[in-house]
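Asks: sequence unavailable; structure follows:
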């Protein structure tokens, strides 16, 4: 039997369980590094499917590694399953998890026949700058892998979406309390410091590139309107097209926060800073194979000129892509006008269109893994990296 047909038949057999997994994760959203149920459900399903599963790997309790096959060519499939605070799976990580599991089980059906090892990596905390994949990459979870892939839900399909480098960090200003009416001159207003910084960032925008982004939220603004705020806090993200451009813009943004401290006399601390996410570098050959396989399943990819490419979000898959050949295509779930990170998108992630995206994304990845194993020049290129 043709390997792709065999993989499809295997997926069809587990399809009801894969759909149920997606809907169960959606109904029980868990924040990054706390995805205890989701990671366990994935590990249990993969164990039942014959994978060799290790949970809580690399000092990350909700990470796991699952492998099937014993071939020399190692293909990693990344599963995400964390949610967003307040709006649940508004980025569709329940679909990402289900597609990775479905693709892995399908490809495992022919892994030994084709000289493949399929490795599913459960990667916690992609949202909110958690950087689960960065930790796993640094600690060896991707060691020996020759290529990596994952598929992300979106309103429409896109083979090579632009994903920006980013830096998450926290800001803390410390001032001094005083009665806001009787003795304001004795206070140091930490809220004013943050206001100055925000105004400075607003003025800075004129001098930023069109692909640069600066955005954030105030997480603490003070205690009461009649007390000069002695503590204000915020979370911010700076994004740029590449890590190099990020390093160019980041000091400019930091000087805006320093300006707030200088103007008010408040003390500035940058807290909770995490390693930056890198830009996504899609492997063109693997991306072309994915597109061909997705189109064979009925997917359509609108023509997008380079200049029309919308700057997207960011992902720690970018760091993986700089370390080994990778792809991160978007798969459409017919959600418009709802888009990622909206409550309306959350609702779309368990619709019939979302379920169909799981089928198409899982099979397109499984078939792409089969192509990587059977197309000699590409297989040799990947193996030659070892």
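Replies: Nice, thanks for sending it over. Note that the coordinates shown come from a computational prediction; the quantities given were computed from them, not determined experimentally. Numbering: from 1, shown residues only.
Asks: pairing partners for residue 332 in the sheet, please.
Replies: Under DSSP bridges, the beta-bridge partners of residue 332 are residue 154.
Asks: can you name the residues that contact it?
Replies: 153, 154, 155, 156, 157, 299, 353, 357 (C-beta atoms under 8 Å, 6 or more residues apart in numbering). Glycine gets a C-beta too; all of them are placed from N, C-alpha and C.
Asks: tell me if I'm right that the fourth one and residue 312 touch.
Replies: Just to be clear, that refers to residue 156. No. Residue 156 lies out of contact with residue 312 (C-beta atoms under 8 Å); the separation is 12.0 Å.
Asks: nearest residue to the residue nearest to the spatial centre of the chain other than its sequence neighbours?
Replies: Computing the C-alpha centroid of the chain and ranking residues by C-alpha atoms, centre = their mean puts residue 315 first, at 3.8 Å. Among residues not flanking residue 315 along the chain, residue 163 sits closest, at 5.4 Å (C-beta to C-beta, 6 or more residues apart in numbering).
Asks: list the contacts of the one you found.
Replies: Residue 163 sits in contact with 279, 280, 312, 313, 314, 315, 317, 318, 328, where contact means C-beta under 8 Å, 6+ apart.
Asks: does it count as helix, strand or coil?
Replies: coil (DSSP: H, G, I helix; E, B strand; the rest coil).
Asks: need the three-state assignment for residue 216.
Replies: strand.
Asks: count of neighbours near it?
Replies: 19 (other C-beta atoms under 10 Å).
Asks: what's near enough to touch the residue nearest to it when sequence neighbours are not counted?
Replies: Ranked by C-beta to C-beta, 6+ apart and with sequence neighbours excluded, the top spatial neighbour of residue 216 is residue 236, at 3.3 Å. Shown in contact with residue 236 (C-beta under 8 Å, 6+ apart): 168, 169, 170, 171, 214, 215, 216, 253.
Asks: nearest to residue 181 among those residues?
Replies: residue 171 (27.4 Å; C-beta to C-beta).
Asks: how about the secondary structure of the residue nearest to the centre of the chain?
Replies: coil.
Asks: from residue 121, how far out is it?
Replies: To residue 121, residue 315 is 14 Å away according to C-beta to C-beta, to the nearest Å.
Asks: quick check: residue 329 touching residue 293?
Replies: No. Applying C-beta under 8 Å, one finds residue 329 not in contact with residue 293, separated by 10.5 Å.
Asks: more neighbours, the two?
Replies: For residue 329 versus residue 293, neighbours defined as other C-beta under 10 Å are more numerous around residue 329 (26 against 21).
Asks: OK, contacts around the nearest residue to that one once chain neighbours are set aside?
Replies: Closest residue to residue 329 apart from its sequence neighbours, by C-beta to C-beta, 6+ apart: residue 159 at 5.0 Å. Counting by C-beta under 8 Å, 6+ apart, residue 159 touches 282, 287, 288, 290, 291, 294, 301, 327, 329.
Asks: mind doing that once more with 7 Å?
Replies: 287, 290, 291, 301, 329 (C-beta atoms under 7 Å, 6 or more residues apart in numbering).
Asks: give me the element the residue nearest to residue 276 when sequence neighbours are not counted is part of.
Replies: In space, and not counting its chain neighbours, residue 276 is closest to residue 167: 4.5 Å by C-beta to C-beta, 6+ apart. Element membership of residue 167 [criterion: DSSP states H and E] is strand 165-174.
Asks: make a ChimeraX selection of whichever of the contacts of residue 163 turn out to be buried.
Replies: Selection of buried members from those for ChimeraX, criterion 16 or more other C-beta atoms under 10 Å:
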select :279,280,312,313,314,315,317,318,328
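Asks: number of nearby residues for residue 82?
Replies: Around residue 82 there are 28 other residues, counting by other C-beta under 10 Å.
Asks: quick one, phi psi at it?
Replies: Torsion angles at residue 82 (phi, psi; degrees, to the nearest 10) stand at phi -90, psi 160.
Asks: next, count neighbours for residue 28.
Replies: Residues near residue 28, counting by other C-beta under 10 Å: 16.
Asks: helix, strand, or coil at the residue nearest to it when sequence neighbours are not counted?
Replies: Once flanking residues are discounted, residue 28 sits nearest to residue 37: 5.4 Å by C-beta to C-beta, 6+ apart. Three-state assignment for residue 37 (three-state DSSP): helix.
Asks: pLDDT score for residue 37?
Replies: On pLDDT, residue 37 comes in at 98.
Asks: correct me if wrong: it contacts residue 27.
Replies: No. The pair residue 37 and residue 27 does not pass the contact test of C-beta atoms under 7 Å, sitting 10.1 Å apart.
Asks: would you mark the buried spots in the lengthiest helix in the chain?
Replies: In the chain, with assignment by DSSP state H, the single longest helix is helix 3-27. Under the neighbour-count criterion of 16+ other C-beta under 10 Å, helix 3-27 has 3-4, 6-8, 10-11, 14-15, 18-19, 21-23, 25-26 buried.
Asks: and which of these is nearest to residue 337?
Replies: Distances from residue 337 to those, taken by C-beta to C-beta, are shortest for residue 26, at 20.6 Å.
Asks: OK, contacts around that closest one?
Replies: 89, 94, 349, 350.
Asks: give me the neighbour count for the first one.
Replies: Residue 89 has 28 neighbours, counted by other C-beta under 10 Å.
Asks: same check on the second one?
Replies: Residue crowding around residue 94 was assessed by other C-beta under 10 Å; the count is 29.
Asks: my read is that it contacts residue 27, right?
Replies: No. The pair residue 94 / residue 27 is not scored as a contact, 8.7 Å apart, by C-beta under 7 Å.
Asks: quick one: buried ones out of the contacts of residue 236?
Replies: For the contacts of residue 236, buried by 16+ other C-beta under 10 Å: 168, 169, 170, 171, 214, 216, 253.
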